[in-house]
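>>> Test case, fold it:
(chains A and B, ligands or ions: 2)
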Amino acid sequence: MYPVVVDGPIIQVENLTKVFGRGTQQKRAVDGINLQVTGQQVFGFLGPNGAGKTTTIRMLLNLIHPTAGQATIFGQDPRGNPAILRQVGTLVEGAAFYPYLTGWDNLRVAGCSQGGLDEERARRLIDLVGLAEVAMVRVGKYSTGMRQRLGLAAALLQDPDLIILDEPTNGMDPAGIREMRTFIRDLAHRYGKTVFLSSHLLGEVQQICDAVAIIHQGRILREGTIAELLDQKPQLEIESTPVNRTLELLQERWAAQQTADGKVIVDAPRDEAPAILRHLIEHNVEVFQVVQRRQTLEDFFFTLTGSPQLRNLEGWQA
Amino acid sequence: MMALFRAEWHKITGNRILMGCLIWIWPFLACGMVTLIYLAFVARGSGSQAAYVDSPVRWTDAALGPWQALNSVLGRLLLMGFVATVFAGEYQHGTWKTVLPGNTRIKMLLAKYVVMAIVILIAFAVMMLVLVISLGAMNLLLGAGYPPALSAAVLADFTGNLLANVALGLASFLVVANIAILISIWTRSILFGVLVSTFFALVEFLGIPPILSLIADIFQWDWVNNLLVLVPAFHADNIAAWINTGEGAVFISEELEVALVPSIFALALWLLGLLAATVVIFRRQDL
Ligand SMILES: Nc1ncnc2c1ncn2[C@@H]1O[C@H](COP(=O)(O)OP(=O)(O)OP(=O)(O)O)[C@@H](O)[C@H]1O
Ligand SMILES: [Mg+2]
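Numbers count the residues shown, from 1 in each chain, chains lettered A, B, ... in the order given. Ligands and ions are numbered 1, 2, ... in the order given. Below you'll find the model as predicted:
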């Protein structure tokens, strides 16, 4: 096994590009992206369907050949040194196994393919992901969520220092998603692993990631820690009637806008709430509630996509 | 690398349908065939039985049978489904992404290739044992002997013969298998691998010789017949003839006689060429 001693980023991606097809069928799935993922954190790779997440991950794993650019893992290019990927646990887009083998046999195959199987560890993992009872059932009979759990166990077989998970909660039930969330966070914060997590679930990412990169149509739009990205001006959210009047009144002094669900957002800190309230009440507006608004990653994302060149976002399913 | 072989072994032998329908069926068929032959003798009565006892089947021939079958059209064809499934099953199940990271693609192919060949060798070895034993039992029941009598000379002769036939059967099978592998990896489809290799195996035996001789006849170009030396099956049969009769095979024309060594080279060239093409294609693939 490789002793992984790395200063600097665990994953480094430079100008990575993938063009599928030729001529009129050409598709720039990943378009010159740059990324740096440092150790012992959960890094979220966020983007809508078809953004290029899986393509990027497949390039990291030497499954797809980049059209241009390069990616290094632990400072090494997997194309020159595929064995470096034995230090990486992977779960790419819907765990795939041999349907005619049992869960346990699939783990054995996965372990042997990665250089060797530690049966004791495999048994503990299968227990950990909650599949102990169905370990001897053929994977063909597993549900999607069960396959994902098995995929997670397979990804952790070699006790890797880097774990790349592509939409790991696909097909999982709410309880499973929650377990997965805790689990991923623990991997990084308790066991010092690095987790590269691709997802289109904004809420999920916000809860467990330390840093994120947002990818859209093959390009990275933003990259940074969650705190950096969400470091926005303070806002208050007001529920009142009549809404038009509220908006007019507030716009005299503050920047305000109406939301789709008939509330009004004001750019103002918490301290100004009493003044705003007084102003509204003096003008006979009925106020039901005023709350301090915390921006979510979801808001942030849609703010980003509100810019003119990014209108076309029907792909989102949050 | 050993771990990779083990992974491949689990994958292949764990596929019960594949093993049952395409591999273990052979020893069973052999057993069934012998039983039928026996029953036929019994049914037809003492006359034919007596004739048989005069010249019963030799155990050496029984043992060589499966390997010679491996070098025949039908024998090879029936294994193509197995070969294509071993190689293209990963596309079907989407499992390359599970097993490939961390390994070079060449090693992955090599592991599959070696394990596939071993499984087939084992199946045919079992079939050989089944045939030798069941034919021996039949001879016993019919009151016939089981020649040739065991002696050091017979055994040495047989061993040499067996090795030559195993090697030839395997090589000739692998030519068609390599085509199945190449096509199933290229098209990522088990079905295409089976169809194309089947077509190739049929054509090289049954289609190409008559077509060549037809062209030679029509245009009065005798040399066209000699193009047969480009066909791998020609060399496999030629080698078989050299091994088993001590003379080269005679095909369309008497002049076209090829010595043993060039034929071995030609067959090896086919094998390696197809493998090299497979490796090139597989290494370039996006998975
Ligand atoms: N093998 C391929 N051939 C052609 N186009 C492809 C191929 N694989 C992906 N694409 C295209 O590349 C783009 C990016 O796909 P990718 O699978 O990377 O998206 P994703 O971000 O993983 O999306 P999702 O959230 O739906 O999984 C898509 O437009 C897709 O159609
Ligand atoms: Mg994807």
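
>>> Show me what from chain A comes close to ligand 1.
With the criterion set to C-beta under 6 Å from any ligand atom, chain A comes near ligand 1 through A:20-21, A:27, A:29, A:47, A:49-55, A:93, A:200. Quick note: C-beta positions are derived from backbone N, CA and C, even for glycine.

>>> Kindly supply the ChimeraX command isolating those of the residues you listed that are buried.
Buried residues among the residues of chain A next to ligand 1 (16 or more other C-beta atoms under 10 Å in any protein chain shown), as a ChimeraX selection:
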select /A:29,47,51,52,53,54,55,93,200
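
>>> Now distance to B:S184, pLDDT and secondary structure too, for the residues of chain A next to ligand 1, in CSV please.
As requested, the residues of chain A next to ligand 1 are exported to CSV (distance: C-beta to C-beta, whole Å; pLDDT from 0 to 100; DSSP: H, G, I helix; E, B strand; the rest coil):
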residue, distance to B:S184, pLDDT, secondary structure
A:F20, 22, 93, strand
A:G21, 23, 89, coil
A:K27, 26, 91, strand
A:A29, 26, 93, strand
A:G47, 34, 87, coil
A:N49, 31, 86, coil
A:G50, 29, 88, coil
A:A51, 32, 90, coil
A:G52, 29, 93, coil
A:K53, 30, 94, helix
A:T54, 25, 95, helix
A:T55, 25, 95, helix
A:E93, 23, 90, coil
A:H200, 34, 83, coil
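
>>> Of the residues of chain A next to ligand 1, which pair is most distant in space?
Of all pairs drawn from these, the one with the largest separation by C-beta to C-beta is A:G21 and A:H200; the distance is 23.7 Å.

>>> returning to that earlier point: could the residues of chain A next to ligand 1 go into TSV alongside distance to ligand 2?
As requested, the residues of chain A next to ligand 1 are arranged in TSV below (distance: C-beta to the ion, whole Å):
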residue	distance to ligand 2
A:F20	14
A:G21	18
A:K27	14
A:A29	10
A:G47	9
A:N49	7
A:G50	8
A:A51	8
A:G52	9
A:K53	5
A:T54	3
A:T55	8
A:E93	5
A:H200	8
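
>>> tell me, which of the residues of chain A next to ligand 1 make contact with chain B?
Residues of these in contact with chain B (C-beta under 8 Å from any C-beta of the partner chain): A:20, A:93.

>>> For chain A, what lies in contact range of ligand 2?
When proximity is defined by C-beta under 5 Å from the ion, chain A lies next to ligand 2 at A:53-54, A:93.

>>> of the residues you listed, closest to A:G75?
Of all these, the one with the least separation from A:G75 (C-beta to C-beta) is A:K53, at 23.2 Å.

>>> Return the residues in contact with B:V99.
Contacts were defined as C-beta atoms under 8 Å, 6 or more residues apart in numbering or on different chains; by that measure B:V99 touches A:109-110, A:113, B:7, B:90, B:108.

>>> Kindly report the same for A:L107.
In this structure, A:L107 makes contact with A:117, A:122, A:125-126, A:150, A:153-154, A:157, judged by C-beta under 8 Å, 6+ apart.

>>> Take those residues and keep only those in helices.
A:122, A:125-126, A:150, A:153-154 (DSSP state H).

>>> Just give the nearest non-adjacent residue to the residue minimising distance to the centre of chain B, would you?
Taking C-alpha atoms, centre = their mean, the centroid of chain B lies closest to B:L70, which sits 2.9 Å from it. The shortest distance from B:L70 to any non-neighbouring residue, by C-beta to C-beta, 6 or more residues apart in numbering or on different chains, is to B:G169 (3.3 Å).

>>> Just give me the neighbour total for the one you found.
B:G169 has 25 neighbouring residues, counting by other C-beta atoms under 10 Å in any protein chain shown.

>>> ok so, going back, dump the residues of chain A next to ligand 2 to JSON lines, plus distance to B:S197.
As requested, the residues of chain A next to ligand 2 are exported to JSON lines (distance: C-beta to C-beta, whole Å):
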{"residue": "A:K53", "distance to B:S197": "38"}
{"residue": "A:T54", "distance to B:S197": "33"}
{"residue": "A:E93", "distance to B:S197": "32"}
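
>>> which one of these is nearest chain B?
Closest approach between the residues of chain A next to ligand 2 and chain B, by C-beta to the nearest C-beta: A:E93, at 7.9 Å.

>>> correct me, but that closest one touches A:P168?
No. A:E93 sits out of contact with A:P168 when judged by C-beta atoms under 8 Å, with a separation of 9.8 Å.

>>> and the ones in helices among the contacts of A:L107 near chain B, which?
Of the residues in these, proximity to chain B by C-beta under 8 Å from any C-beta holds for A:A154.

>>> Just give me how far the worst-scoring helix or strand of chain A on mean pLDDT sits from the chain centre.
Among the helices and strands of chain A, helix A:297-305 carries the lowest confidence by mean pLDDT, DSSP states H and E, at a mean of 72. In terms of C-alpha atoms, centre = their mean, to the nearest Å, the gap separating the centre of helix A:297-305 from the centre of its chain is 14 Å.

>>> B:L135 and A:F302: what is the separation?
B:L135 sits 79 Å away from A:F302 when distances are taken as C-beta to C-beta, to the nearest Å.

>>> more crowded one of these two?
For B:L135 and A:F302, the more surrounded residue by other C-beta under 10 Å is B:L135, and the numbers stand at 24 against 15.

>>> hang on, isn't that one packed against B:V57?
Yes. Taking C-beta under 8 Å as the contact criterion, B:L135 and B:V57 are neighbours in contact, 5.5 Å apart.

>>> And the one helix or strand B:A241 maps to, how far out from the chain middle?
For B:A241, the enclosing helix or strand under DSSP states H and E is helix B:232-245. Averaging C-alpha coordinates over helix B:232-245 and over its chain gives two centres that are 13 Å apart (C-alpha atoms, centre = their mean).

>>> and if you look at stretch B:177-188?
Using C-alpha atoms, centre = their mean, we find the averaged C-alpha position of stretch B:177-188 to lie 17 Å away from the chain's own average C-alpha position.

>>> who touches that stretch?
By C-beta under 8 Å, 6+ apart, the residues outside stretch B:177-188 that reach it are B:76, B:79-80, B:83-84, B:87-88, B:91, B:113, B:116, B:190, B:192-194, B:196-197, B:200, B:270-271, B:274-275, B:277-278, B:281-282, B:285.

>>> Please apply the same query to stretch A:209-222.
Stretch A:209-222 has contacts (C-beta under 8 Å, 6+ apart) with A:18, A:28-35, A:37, A:41-48, A:51-53, A:56, A:188, A:197, A:205, A:223-226, A:229, A:297, A:301, A:304-305, A:310, A:313.

>>> go on, stretch B:73-80?
With C-beta under 8 Å, 6+ apart as the criterion, stretch B:73-80 contacts B:22, B:69-70, B:120, B:169, B:172-173, B:176-177, B:180, B:193-194, B:197-198, B:201-202, B:205-206.

>>> which among those end up buried?
Burial by neighbour count, 16+ other C-beta under 10 Å: within the contacts of stretch B:73-80 this picks out B:22, B:69-70, B:120, B:169, B:172-173, B:176-177, B:180, B:193-194, B:197-198, B:201, B:205.

>>> which of the residues you listed lies closest to A:A273?
Ranked by distance to A:A273 (C-beta to C-beta), the buried ones among the contacts of stretch B:73-80 are led by B:G193 at 71.0 Å.

>>> is it true that B:K11 touches A:F97?
No. In this structure, B:K11 is not within contact of A:F97 by C-beta under 8 Å, at 10.5 Å.

>>> Spit out the residues that contact these two alike.
Common contacts of B:K11 and A:F97, defined by C-beta under 8 Å, 6+ apart, are absent altogether.

>>> ok, now which ones touch the residue nearest to the centre of chain B?
B:L70 makes contacts with B:76, B:124, B:169-170, B:172-173, as judged by C-beta under 8 Å, 6+ apart.

>>> same thing but 7 Å
Each residue near B:L70 by C-beta atoms under 7 Å, 6 or more residues apart in numbering or on different chains is listed here: B:76, B:124, B:169-170, B:173.

>>> now these in TSV, with secondary structure and distance to A:S240?
Written out in TSV, the entries for the contacts of B:L70 read as follows (DSSP: H, G, I helix; E, B strand; the rest coil; distance: C-beta to C-beta, whole Å):
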residue	secondary structure	distance to A:S240
B:R76	helix	82
B:F124	helix	85
B:G169	helix	88
B:L170	helix	85
B:F173	helix	82
